[in-house]
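A.B. asks: have a look at this prediction, sequence included:
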Amino acid sequence: MRVASITERTYRFECWRALSSGVLEAAAGTFLLLIAVRWYSAGSISKAILAGASSCGLLISPMSVWFAARRGLPAAQAASRILALGAVAMIVAAVFPYLPVFVVGTTLGLIASSASVPLVTQIYQENYPAETRGRLFSRTFMIRIASAAVVSGLGGWLLKGQMELFRWLVVLFGVALGFGSWCLSRCPSTPLLSDTGAHPLQGWRHVSRDPLFARTLISWMLMGFANLMMLPLRIEYLANPKYHLALEPDIVAVLTGVIPHAARFLMSPVWGHLFDRMNFFGLRMTLNVGFALGILAFFTSDNAAGLIAAAVIYGISNAGGDVAWSLWVTRFAPAERVAEYMSVHTFLTGVRGVLAPAAAFYCIDRFPVGQLAAGCAALIGLACLVLLPEIRSARIAAPKRPAG
C-alpha cells in the first residue's frame with residue numbers, strides 16, 4: 001500500500017473515530033460526574049473514582065502495549081479489542097442503574113478508552129508524515145471537539161429537570177466506544193517490535209537512558225497534577241450548593257463543555273500548525289501559562305463574565321495541550337519505539353490522574369477553593385522552570401520540512 005494511501009486511509013477513519021471520541025470526552029469531562037452528583041448523590045470516593053477513571057486507563061496503558069506485542073497484534077487491532085470491551089461495560093452500566101454498577105461499568109468504559117492511547121500514538125507515528133503530523137492530528141481533533149461540544153449542549157438540555165433520562169446518555173457512550181472500536185479495526189498498522197512485549201514496564205528503560213526525556217516527564221508531572229486536581233473541581237464548584245452557585249445542569253454543561261470546546265475547536269488548527277513548526281519546549285511553556293491563568297480565573301470568579309472568560313482561556317490552552325500531549329513523544333523517540341515512550345508518559349499521566357482527583361476532593365473539604373487554585377498555579381510555574389534550561393535543545397526543534 002502506498003504511503004499516501006496509508007495516510008489517507010488512517011486520516012479518513014480517524015475523522016470518523018473523532019466523532020465517538022468527542023462523545024466520550026463529554027462523558028468523562030462533564031456527564032458521568034454530574035450524574036453521580038445530581039442523581040446518585042454519590043460520596044467523595046465514588047466521585048474520585050469517576051474523576052480518575054480515564055487516568056486509571058492511562059495507568060495500565062503499558063499493559064496494552066505489552067498485550068499487543070506478546071500477541072503479535074497490529075497496534076490498531078489491539079486498540080480495537082480494548083475499546084470493544086469498554087463498550088460492553090458501559091452498556092451494562094446503563095442497563096442496571098445502581099450506583100456501584102454505574103461506577104464500575106462507566107469506569108471500565110473510560111479505562112478502555114484511555115488504555116489504548118499508546119497504541120494509537122504508534123499508528124500516528126507509522127501513518128502520518130512527521131512534517132504534517134500535528135496538522136493532521138489537529139484536523140481530526142477539531143471533529144472530536146465539535147462532537148464533544150454538541151453532546152455537551154444536547155446532554156445538558158436533555159437532563160435539565162429530567163435527570164432520570166441519564167441512562168440514554170450512558171447508552172450513547174457505550175455505542176461511541178463500539179463505533180470507535182470499529183474505526184480502529186479499519187486503520188492500517190504493523191505489529192510492535194517483539195522485544196517490546198518482554199514485560200509491561202519495558203519502556204521504563206528509556207527514562208534512565210534518556211535524561212532529556214526524564215526531565216520532560218518531571219515537568220509534565222508537576223503541570224499535569226495541578227491541572228488534573230482542579231479539573232473535576234470545576235463541576236463541584238458550579239453544581240454543589242456549598243459554593244453558592246448551584247447552577248442548573250445545562251449551565252454547568254455550557255461552562256465546562258460547550259464554551260471550552262468551542263474555543264478548542266477554533267484554536268486546534270493553530271496549535272497543530274505551531275507543533276509542526278515551533279520549538280516544543282517553547283510551545284509547552286506557553287501552554288502552561290495559559291492553564292495557570294485559566295485555573296486562577298475560573299476559581300476566583302462568581303459571576304457569568306468571569307466564568308465565561310475562564311472557560312475560554314481553558315479551552316484555548318487545552319487545544320494546544322491536546323496536540324502536545326498526544327504527539328510530543330514523536331519528537332523524542334525512535335520511530336519503532338514510540339509506543340514504549342508513550343506508555344511511560346501515559347502511565348505517569350495515569351498516576352497523577354488517579355492521585356490528583358483524590359487529593360482535590362480531600363483538600364476541597366479543608367481549604368478554600370481560591371487557595372487551592374493559587375497552589376496549583378504555582379506548581380505549573382515550577383513546571384515551566386524545569387523546562388527553561390532545555391528550551392534551546394536542538395532535539396525538540398520542529399521537524400525539517402522536505403524540499404520542494
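C.D. replies: Nice, I can see it.

A.B. asks: what are the ranges of the strands in this protein?
C.D. replies: With DSSP state E as the definition, the chain shows no strands.

A.B. asks: tally of neighbours for the residue nearest to residue 245 when sequence neighbours are not counted?
C.D. replies: Closest residue in space to residue 245, ignoring its immediate chain neighbours: residue 238 at 5.5 Å, by C-beta to C-beta, 6 or more residues apart in numbering. For glycine as for every other residue, the C-beta is placed from the backbone atoms N, C-alpha and C. Per other C-beta atoms under 10 Å, the neighbour tally for residue 238 reads 22.

A.B. asks: and if you look at residue 384?
C.D. replies: 20.

A.B. asks: and the pLDDT at it?
C.D. replies: Per-residue confidence (pLDDT) for residue 384: 89.

A.B. asks: where's the residue nearest to residue 245 relative to residue 298, distance?
C.D. replies: Taking C-beta to C-beta, to the nearest Å as the measure, residue 238 falls 9 Å from residue 298.

A.B. asks: hmm, back to that, enumerate every residue touching the residue nearest to residue 245.
C.D. replies: Contact partners of residue 238, counting by C-beta atoms under 8 Å, 6 or more residues apart in numbering, are 245, 247, 251-252, 255-256, 307.

A.B. asks: if you set the cut-off to 6 Å instead, what comes out?
C.D. replies: Residue 238 makes contact with 245, 247, 252, according to C-beta atoms under 6 Å, 6 or more residues apart in numbering.

A.B. asks: most neighbours of all those residues, which one?
C.D. replies: Highest count within these by other C-beta under 10 Å belongs to residue 252, 26 neighbours.

A.B. asks: that one contacts residue 239, doesn't it?
C.D. replies: Yes. The pair residue 252 / residue 239 is scored as a contact, 5.4 Å apart, by C-beta atoms under 6 Å.

A.B. asks: burial measure for residue 355, as a count.
C.D. replies: 16.

A.B. asks: tally of neighbours for residue 74?
C.D. replies: Using other C-beta under 10 Å, residue 74 has 22 other residues around it.

A.B. asks: what's around residue 175, how many residues?
C.D. replies: 16.

A.B. asks: mind listing the helices for the stretch 101-250 of the chain?
C.D. replies: Under the criterion DSSP state H, counting those that start in this stretch, the stretch 101-250 of the chain carries helices at the ranges 117-127, 133-159, 166-185, 205-209, 211-239, 249-253.

A.B. asks: what packs against the first one?
C.D. replies: Using 3 or more C-beta pairs under 6 Å, 6 or more residues apart in numbering; DSSP states H and E, the elements in contact with helix 117-127 are helix 3-26, helix 61-71, helix 75-95, helix 338-363.

A.B. asks: apply 8 Å and report the result again.
C.D. replies: When contacts are defined as 3 or more C-beta pairs under 8 Å, 6 or more residues apart in numbering; DSSP states H and E, helix 117-127 packs onto helix 3-26, helix 61-71, helix 75-95, helix 304-327, helix 329-332, helix 338-363.

A.B. asks: the first one packs against which elements?
C.D. replies: In terms of contacts (3+ C-beta pairs under 8 Å, 6+ apart), helix 3-26 is packed against helix 99-115, helix 117-127, helix 133-159, helix 166-185.

A.B. asks: avg pLDDT for stretch 272-290?
C.D. replies: The average pLDDT within stretch 272-290 is 86.

A.B. asks: buried ones in that stretch, by neighbour count?
C.D. replies: By 16 or more other C-beta atoms under 10 Å, the buried positions in stretch 272-290 come out as 272, 274-276, 278-281, 283-288, 290.

A.B. asks: in CSV: the helices and strands packed on helix 117-127, plus mean pLDDT.
C.D. replies: As requested, those are exported to CSV (pLDDT from 0 to 100):
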stretch, mean pLDDT
helix 3-26, 89
helix 61-71, 85
helix 75-95, 94
helix 304-327, 88
helix 329-332, 78
helix 338-363, 83
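
A.B. asks: of all those, which one is nearest residue 218?
C.D. replies: helix 338-363 (9.4 Å; C-beta to C-beta).

A.B. asks: tell me the buried residues in that closest one?
C.D. replies: 338-361, 363.

A.B. asks: next: stretch 363-372.
C.D. replies: Within stretch 363-372, the residues that count as buried by 16+ other C-beta under 10 Å are 363-364, 369, 372.

A.B. asks: please convert the residues you listed to JSON lines, extending it with distance to residue 171.
C.D. replies: JSON lines is the format used below for those (distance: C-beta to C-beta, whole Å):
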{"residue": "363", "distance to residue 171": "35"}
{"residue": "364", "distance to residue 171": "32"}
{"residue": "369", "distance to residue 171": "34"}
{"residue": "372", "distance to residue 171": "35"}
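
A.B. asks: from those residues, which two are the most distant?
C.D. replies: Using C-beta to C-beta, these reach their maximum pairwise distance at 363 and 369, which is 9.3 Å.

A.B. asks: name the nearest of the contacts of residue 238 relative to residue 319.
C.D. replies: For the contacts of residue 238, the closest approach to residue 319 (C-beta to C-beta) belongs to residue 252, at 21.1 Å.

A.B. asks: how about residue 271: what's its closest non-neighbour residue?
C.D. replies: Spatial nearest neighbour of residue 271, chain neighbours left out: residue 320 (3.8 Å); criterion: C-beta to C-beta, 6+ apart.

A.B. asks: that neighbour: how many residues sit nearby?
C.D. replies: Neighbour tally, residue 320, other C-beta under 10 Å: 25.

A.B. asks: quick one: closest of the helices and strands packed on helix 117-127 to residue 125.
C.D. replies: For the helices and strands packed on helix 117-127, the distance to residue 125 is smallest for helix 338-363, at 4.2 Å, taking C-beta to C-beta.

A.B. asks: middle-most residue in this protein, spatially?
C.D. replies: The residue lying closest to the centre of the chain (C-alpha atoms, centre = their mean) is residue 322, at 7.1 Å.
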